[in-house]
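J.: Need a 3D model of the following:
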Amino acid sequence: MLWDQPSFAPVGDGALLVTLGDALGEELHRQLIRLWHAMQAANIAGLVDVTPAFTTLLVQFDPILTDHRSVRLALEHICLQSVAPHNPIGRTVEIPVCYGGAYGADFSFVCEHAGLSPQEVIDLHSGRDYLIYMIGFLPGFPYLGGMDERLFTPRLQTPRTNIPAGSVGIGGEQTGIYPIESPGGWQLIGRTPLALFDPSATDRPLYQAGDRIRFVPISPAEYVRQAHAKGGL
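T.: The predicted structure is shown next:
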């Protein structure tokens, strides 16, 4: 639920947490992304970074150059201006995915849990665009909203200690992508050959909060071809 007025809470000496509501939803997220872009463009003195999450923005600043009160006043002014009807238009990013087999260790379990055939699961998972609510847990890990409820699957009771980079998983009501090799507890249904996180990159990341992801099914042969082309094998 989107509140009429945001709340502000100090986080240490150099940050403010701006909370816009108390429940996940696209209306709230649109306002949050609008504020995120506005804050980045506002040239607030001492501003270091603004990080969006599900219902909050973490606004980090240099406490040597400014303070909580000054930043809050600037943010309150921006919030008043942000009611304009313009919404930033996020990109739609296509992510190729090879489902099941050697690339989705839990794909069969997800099919069984949902009572659906493998092709039905693939069609449902790839049949819609997913809003990126936030990037978190790992660099480049997108928390995606809007998955068909027939695919809701509980997390693993015991998380894996090693998940391959590019793995696509389901955790409860959400789906997401592990951009780097890591531990994790989501049900793995496929893998993308794309390299989703490059710590040496200086250009804009492939996707960010407010964008949308569209999964595109590919065959194992196509996975190998794309992975070879990108130096992933």
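J.: What segments of the chain are strands?
T.: Listed in chain order, the strands of the chain (DSSP state E) span 2-10, 15-21, 47-52, 56-61, 92-99, 129-135, 142-145, 160-163, 167-171, 174-178, 182-184, 187-191, 212-217.
J.: My guess is Val121 contacts Leu151. True?
T.: Yes. The pair Val121 / Leu151 is scored as a contact, 6.8 Å apart, by CB atoms under 8 Å. Heads up, the C-betas are built off the backbone N, CA and C, glycines and all.
J.: Packing partners of the longest helix belonging to the chain?
T.: Secondary structure of the chain per DSSP state H: the longest helix is helix 26-41. The contact analysis (3 or more CB pairs under 8 Å, 6 or more residues apart in numbering; DSSP states H and E) places helix 26-41 against strand 2-10, strand 15-21, strand 47-52, strand 56-61, helix 68-81, strand 129-135.
J.: who touches the longest one?
T.: Helix 68-81 is touched from outside by 5-6, 8, 10, 16, 18, 35, 38-39, 42, 44-47, 59, 61, with contacts defined as CB atoms under 8 Å, 6 or more residues apart in numbering.
J.: Where does pLDDT dip in the protein?
T.: Within the chain, the ranges that satisfy pLDDT under 70 run 1-3, 82-89, 202, 231-233.
J.: most packed of the strands of the chain?
T.: Comparing these by mean neighbour count (mean count of other CB atoms under 10 Å), strand 187-191 comes out on top with a mean of 26.
J.: which neighbours does that one have in its sheet, and in what orientation?
T.: strand 92-99 (antiparallel), strand 167-171 (antiparallel) (DSSP bridges).
J.: tally of neighbours for the closest residue to Ile78 other than its chain neighbours?
T.: Once flanking residues are discounted, Ile78 sits nearest to Ala38: 5.1 Å by CB to CB, 6 or more residues apart in numbering. Here the number of neighbours of Ala38 (other CB atoms under 10 Å) works out to 18.
J.: Contacts only, for the most far-flung residue of the chain relative to its centre.
T.: No residue in the chain sits farther from the centre than Ile64, which is 31.9 Å out by CA atoms, centre = their mean. Counting by CB under 8 Å, 6+ apart, Ile64 touches Gly46.
J.: This completes my enquiry, with thanks.
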